[in-house]
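[1] coordinates only, sequence not included:
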């Protein structure tokens, strides 16, 4: 088992989301790798954060790898879910449409696992947590 692919995977995910035109039309450059609580005025009304990650072994007789379950969260200060759901759909399309190039390792597969949409108190009135699974192994 190895955790060595985690930083490269996160960087590739961030780069893919930041480069996606449809997502950029919805959130601009408001994609962060940390929650924005306590930073008044720092967040756009709609923004994305890269969330939690859980990793477990994916070793075979011929390679070393890991399964990364990670979340991407959509945050919205709007009253309805419409915009947040369109942003969540764009996140899914961005991550599922193109292969990611990692600094170390090779992406074997990427898939969507589930989503949860929630109401919250202002300023974050809507939040959608998307959970994905990435399987990474050593490059050959």
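    Right, received. Where do you want to start? Not measured: the values here are computed from a predicted model.
[2] Next, please give the residue ranges for the helices of the chain.
    Under the criterion DSSP state H, the chain contains helices at 6-19, 21-27, 82-97.
[3] who are the neighbours in contact with the residue sitting nearest the centre point of the chain?
    Closest residue to the average C-alpha location of the chain: residue 72 at 3.4 Å, with C-alpha atoms, centre = their mean. By C-beta atoms under 8 Å, 6 or more residues apart in numbering, the contact set of residue 72 is 13, 17, 48, 49, 50, 51, 91, 95, 129, 130, 132. For every residue, glycine as well, the C-beta is placed using N, CA and C.
[4] pLDDT check: weakest of those residues?
    In terms of pLDDT, residue 51 ranks lowest among the contacts of residue 72, with 87.
[5] you'd agree that residue is up against residue 70?
    Yes: taking C-beta atoms under 8 Å as the definition, residue 51 is a contact partner of residue 70 at 6.8 Å.
[6] show me where pLDDT drops low in the protein?
    For the chain, applying pLDDT under 70 flags the ranges 1, 35-43, 140.
[7] can you rerun that using 80?
    1-2, 34-44, 97-98, 122, 139-140 (pLDDT under 80).
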